[in-house]
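**Student:** pasting the structure only:
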């Protein structure tokens, strides 16, 4: 079968990194058209692709030309957050399966528009949520589906990532986070934690999210960082940022579970996604790399962690997800510990099979993205409960397509 011809939109840090570390090495795909708002980014990617791929892609500063071109079969967008939905809808209307980078929507209407476009055209939008393919996340998913943790009642996760340098350097580096932190107060990056949790809880496939409460702390972390860090725009030391330093969101689900999400990007800390799953028979916690199974631990109360903290390594042999079994055998590749490779591979497989059921479909994409504008509403109203729409129009009750491709472990 001939290679898929990909149009790549957005060549900043994420887009260029994906081109360099994943797309140019990925079997079954070639890059035929590239686009960015900035000519220097286009030029840099052009030279890299031409050298490594052996032929040059077409270039433009207008994403509409990429989508309209007969030289592209699929669209991959790594643009700034603001453009994700706009580009995705344009691609879907052109009949081209689109993969969009992660990030939240700006309005609830954008999510409705995304779903309406899919239902009208039959063309899917797949969110490229790489954390759904993390080794620990897929191990945990495998254990959940085999009933090891019993009846799941609670999940939590967070985007715990010190991004003060990236945010405050936004003007210099032409990065979108700075303008967002100046203007919005919300859970702006929910999907790294929510995506894997949604798979654990069968969201949109027998379960759904009902509503949320969100609260934000004051915003002082970036001011402090700007005041004490050489090379940072000094005006940011006194700028009144809208984005709270830590945002906590609590979501309830139709099947009785709660989800807690935390955004934590403007204070000093080490990186973590804090992925936690709690059930009647046990739990997994990323914080300690720890799996606890009822009956296999001393039930007496202890102040300290288990003696074998980070014991997740003992469970890989028995419960390694089939995706990672194959990946380890073939050789782990790509960025972020291999997650970037796996999510891109899944996108290509779905596109080549003309799949109407990609592993992360349009309903998932809309459901995960809507958390951002809904959290913004809740924060403005002092944490009031805000309902989460059912983008499946009731079909979530009977959808059994956990044939979300490679997530099907049966």
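**Tutor:** That came through fine. If you're wondering where the values come from, they're calculated on a predicted model, not measured in any experiment.
**Student:** hey, where'd the strands end up in the stretch 201-350 of the chain?
**Tutor:** Remark: strands assigned in the stretch 201-350 of the chain by DSSP state E, counting those that start in this stretch are 209-216, 246-253, 258-264, 276-279, 282-285, 290-293.
**Student:** Which one of the ones you listed lies nearest to residue 166?
**Tutor:** strand 258-264 (14.2 Å; CB to CB). C-beta coordinates here come from the backbone N, C-alpha and C atoms, glycine included.
**Student:** Partner strands of the closest one, with direction?
**Tutor:** Sheet pairing of strand 258-264 (DSSP bridges) gives strand 152-160 (parallel), strand 246-253 (antiparallel).
**Student:** got the strands of the stretch 201-350 of the chain as CSV, with distance to residue 390 columns?
**Tutor:** Shown next, in CSV, are the strands of the stretch 201-350 of the chain (distance: least, CB to CB, whole Å):
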stretch, distance to residue 390
strand 209-216, 9
strand 246-253, 12
strand 258-264, 16
strand 276-279, 24
strand 282-285, 29
strand 290-293, 33
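**Student:** Dump these into a markdown table; add distance to residue 348 and mean pLDDT as well.
**Tutor:** Shown next, in a markdown table, are these (distance: least, CB to CB, whole Å; pLDDT from 0 to 100):
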| stretch | distance to residue 348 | mean pLDDT |
| --- | --- | --- |
| strand 209-216 | 29 | 98 |
| strand 246-253 | 31 | 98 |
| strand 258-264 | 29 | 98 |
| strand 276-279 | 29 | 98 |
| strand 282-285 | 30 | 96 |
| strand 290-293 | 32 | 91 |
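**Student:** who wins for proximity to residue 319 among the strands paired with strand 258-264?
**Tutor:** strand 152-160 (15.6 Å).
**Student:** quick check: mean pLDDT across that closest one?
**Tutor:** In this model, strand 152-160 has a mean pLDDT of 98.
**Student:** before we move on, what about stretch 180-189?
**Tutor:** On average, stretch 180-189 scores 98.
**Student:** Can you tell me what sits against that stretch?
**Tutor:** Contact with stretch 180-189 is made by 81, 102-104, 159, 167, 214, 216, 219, 222, 239, 241-244, 247, 249, 261, 263, 265-266, 371-373, 375-376, 379-380, as judged by CB atoms under 8 Å, 6 or more residues apart in numbering.
**Student:** these two touch, right, residue 339 and residue 138?
**Tutor:** No: look at residue 339 against residue 138 with CB atoms under 8 Å: they stay out of range, at 9.7 Å.
**Student:** tell me the pLDDT at residue 400?
**Tutor:** 73.
**Student:** no wait, residue 409
**Tutor:** Confidence score, pLDDT, at residue 409: 37.
**Student:** Same list as before, the strands of the stretch 201-350 of the chain that is, but in CSV and with mean neighbour count and distance to residue 393 included.
**Tutor:** Output for the strands of the stretch 201-350 of the chain, formatted as CSV (neighbours: other CB atoms under 10 Å; distance: least, CB to CB, whole Å):
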stretch, mean neighbour count, distance to residue 393
strand 209-216, 21, 15
strand 246-253, 22, 18
strand 258-264, 21, 22
strand 276-279, 22, 29
strand 282-285, 21, 33
strand 290-293, 19, 38
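**Student:** of those, which approaches residue 312 most closely?
**Tutor:** For the strands of the stretch 201-350 of the chain, proximity to residue 312 was assessed by CB to CB; strand 290-293 is nearest, at 5.5 Å.
**Student:** Could you spell out the sheet neighbours of the closest one, each with its direction?
**Tutor:** Here, using DSSP bridges, strand 290-293 pairs with strand 282-285 (antiparallel).
**Student:** contacting residues around the strand it pairs with?
**Tutor:** Taking CB under 8 Å, 6+ apart as the rule, strand 282-285 contacts 136, 140, 143, 148-150, 275-277, 290-294, 312.
**Student:** redo that, cut-off 7 Å
**Tutor:** Residues from elsewhere that reach strand 282-285 (CB atoms under 7 Å, 6 or more residues apart in numbering): 140, 148-150, 276-277, 291-294.
**Student:** Check stretch 112-132 too.
**Tutor:** 85, 88-89, 92-93, 95-102, 137, 191-192, 195-196, 199, 273, 336, 339-340, 343, 347, 350, 356, 358, 360-366, 368, 391.
**Student:** Return the members of these classed as buried.
**Tutor:** 85, 88-89, 92, 96-102, 137, 191-192, 195-196, 199, 273, 336, 339-340, 343, 347, 350, 358, 360-366, 368, 391 (16 or more other CB atoms under 10 Å).
**Student:** mind checking which of the strands of the stretch 201-350 of the chain is nearest residue 40?
**Tutor:** Nearest of the strands of the stretch 201-350 of the chain (CB to CB): strand 258-264, 31.2 Å.
**Student:** Quick one: mark the members of the buried ones among the contacts of stretch 112-132 that sit in strands.
**Tutor:** 98-100 (DSSP state E).
**Student:** how about those in a markdown table, adding pLDDT and distance to residue 113?
**Tutor:** Shown next, in a markdown table, are those (pLDDT from 0 to 100; distance: CB to CB, whole Å):
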| residue | pLDDT | distance to residue 113 |
| --- | --- | --- |
| 98 | 98 | 14 |
| 99 | 98 | 18 |
| 100 | 98 | 13 |
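**Student:** Need those in CSV (columns: distance to residue 399).
**Tutor:** CSV is the format used below for those (distance: CB to CB, whole Å):
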residue, distance to residue 399
98, 21
99, 21
100, 21
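**Student:** just those now: which is nearest residue 26?
**Tutor:** Distances from residue 26 to these, taken by CB to CB, are shortest for residue 99, at 12.2 Å.
**Student:** show me what contacts that closest one?
**Tutor:** 76, 126, 128, 347.
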